[in-house]
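A.B. asks: fold the following and give me the result.
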Amino acid sequence: MSSAAQSHASLVEFGQQHVTKGLGRIVEAVITKGEGSYVTLGDGRQLLDFTCGIGVTNLGHCHPKISKAAAEQCMNLVHGQCSIAFHGPYLELIQKLLPMMPDPSLDSFFFWNSGSEAVEAAIKMARTVTGRQNIINMQGAYHGRTFGAMAVTKSKTIYSEGFHPLMPGVFTLPFPYWHQLGLPADTPSSKLSEMCLNQLSLLLAQASAPRDTAAIIVETVLGEGGYVPAPPEFLKGLREICDKHGILLIIDEVQCGYGRTGKNYAIEYSGVRPDIMISAKGLANGFPLSAVISRKELTDKLKPGSMGGTYAGNAVACAAAVAAADVMKEEKILENVNARSKELFDALNALRTNPKVAPAILDVRGQGLMVAVEFASPVGTGPFDTFRNPSVPEKLASKVAKKCVEKGLLILTTSVYEVIRFIPALNISKEDLAKGCKIFAEAVEEVVREG
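C.D. replies: Reported below is the predicted structural model:
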């Protein structure tokens with residue numbers, strides 16, 4: 001073993017000893033460099049990255065324009081606290097984002113550090129503005145791990161197990177996802193939507209009266225729950241019910257927003273107007289930044305000091321985000337997303353028709369470059385999961401992801417089902433996308449063959 005490899009191994013061992021066990025990793029390694037669609041590990045391996053730090057480095061690792069903007073800002077102003085004064089990058093970022101909003105009513109901005117914090121702020125805002133307590137969330141939703149966000153997260157119990165009692169006043173609605181509803185994958189989205197909207201009417205009649213309900217919070221594309229796009233008719237139905245009862249509609253675009261689905265924000269596909277929209281992850285391409293966006297008539301009801309945070313809207317992160325907004329436009333990122341998306345779906349659907357693996361694949365779904373493959377399972381989520389298939393290997397998704405790493409591709413699983421998610425850089429090249437798809441197809445074939 002080389003001295004460099006030994007040094008890397010000792011660093012990994014040190015991390016395993018001293019980094020809290022509450023953090024999980026998909027590779028036991030140290031990332032030493034990121035460039036474009038690739039990361040380099042301390043043992044010398046270079047991997048094609050289809051994770052983007054879970055949808056964060058959407059314009060590639062260390063994009064030169066964005067990194068330069070951040071470096072230059074570091075030599076001017078690093079920390080201009082938002083409760084003391086405005087700073088330039090904060091205001092410039094608002095100027096860049098205003099034309100990108102899915103509805104012109106979204107004209108009031110508060111920047112924080114993470115998606116989870118933005119969810120907390122949105123819940124606070126909804127309760128304050130409406131004078132109501134209750135929040136309706138979605139089955140399978142992921143909104144974060146801080147206390148309020150954890151209470152509206154229903155994708156996996158690992159995020160809240162052992163931390164109860166959680167924030168009260170949360171009521172969960174079925175999301176129009178065929179597997180959760182026990183219906184075939186080809187069930188029309190209109191039927192799934194009708195079922196869930198009917199359940200919402202029942203929820204408002206049986207559990208949380210409209211006069212007690214502050215907001216409905218929904219991811220436009222279910223993230224950690226399995227990369228399931230919300231049907232436009234479902235989102236429109238939510239909007240109608242919210243308008244009828246004076247309930248605020250919070251649209252969480254932390255993972256699916258900012259170009260990821262081929263639009264600036266995924267809610268544009270439905271034409272639905274958010275009352276509050278949350279953006280984060282790719283906003284500053286790796287620098288910690290989130291946005292809580294609403295309309296001035298609502299945010300004017302907030303008392304000064306009710307929002308804030310030591311690092312909220314950090315100047316360096318905002319400067320990086322300004323550069324990221326420029327890159328989105330200058331490099332025609334949305335055009336690339338839509339072109340690469342077609343190629344990705346073509347490759348995955350071709351794999352789905354491969355007789356060697358077809359019985360193991362239940363679904364290929366998503367929008368833009370937020371795409372998932374759901375595999376069958378011999379055990380499912382339990383004895384009442386109607387989609388169990390005893391002929392396929394157990395833990396297919398995690399086995400395929402591990403095999404991909406061995407072949408040079410970083411990729412993630414997600415949800416309580418056997419799902420792998422594709423989150424490549426939005427500016428990924430045609431060649432690198434094809435390379436990743438080839439590795440994935442080989443990995444699936446090998447895992448199914450090995451059983």
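
A.B. asks: hey, let's count contacts and neighbours off CA atoms from now on
C.D. replies: Noted.

A.B. asks: now do the contacts for W112.
C.D. replies: Contacts here follow C-alpha atoms under 8 Å, 6 or more residues apart in numbering; on that basis W112 touches 118, 289-292, 308-309, 311-314.

A.B. asks: can you lay out those as TSV showing secondary structure, neighbour count and distance to I31?
C.D. replies: Shown next, in TSV, are those (DSSP: H, G, I helix; E, B strand; the rest coil; neighbours: other C-alpha atoms under 10 Å; distance: C-alpha to C-alpha, whole Å):
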residue	secondary structure	neighbour count	distance to I31
A118	helix	28	28
L289	coil	29	22
S290	strand	28	24
A291	strand	29	28
V292	strand	25	31
G308	coil	16	33
G309	coil	16	30
Y311	coil	17	26
A312	coil	25	27
G313	coil	28	27
N314	coil	25	25
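
A.B. asks: just give me the closest of those residues to E72.
C.D. replies: The shortest approach to E72 among these belongs to N314, at 14.1 Å (C-alpha to C-alpha).

A.B. asks: now for the nearest residue to the closest one once chain neighbours are set aside, how many residues are close by?
C.D. replies: Closest residue in space to N314, ignoring its immediate chain neighbours: H79 at 6.0 Å, by C-alpha to C-alpha, 6 or more residues apart in numbering. Per other C-alpha atoms under 10 Å, the neighbour tally for H79 reads 17.

A.B. asks: need the pLDDT of H79.
C.D. replies: H79 carries a pLDDT value of 97.

A.B. asks: what about it, which SS state?
C.D. replies: Here H79 is recorded as coil under DSSP: H, G, I helix; E, B strand; the rest coil.

A.B. asks: residue contacts, it?
C.D. replies: Counting by C-alpha under 8 Å, 6+ apart, H79 makes contact with 311, 314-316.

A.B. asks: what's the closest of the contacts of W112 to R45?
C.D. replies: Nearest to R45 among the contacts of W112: L289, at 29.9 Å, using C-alpha to C-alpha.

A.B. asks: now do the helices in this structure.
C.D. replies: Per DSSP state H, the chain has helices spanning 3-18, 52-55, 64-74, 88-97, 115-130, 147-151, 178-181, 189-206, 232-245, 296-299, 315-330, 333-352, 396-406, 430-450. These are given in chain order.

A.B. asks: now distance to F14 too, for the contacts of H79, in TSV please.
C.D. replies: Below are the contacts of H79 laid out as TSV (distance: C-alpha to C-alpha, whole Å):
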residue	distance to F14
Y311	29
N314	31
A315	33
V316	31
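
A.B. asks: which one of those residues sits closest to L410?
C.D. replies: V316 (28.3 Å).

A.B. asks: okay, the closest one: pLDDT?
C.D. replies: V316 carries a pLDDT value of 98.

A.B. asks: tally of neighbours for it?
C.D. replies: 28.
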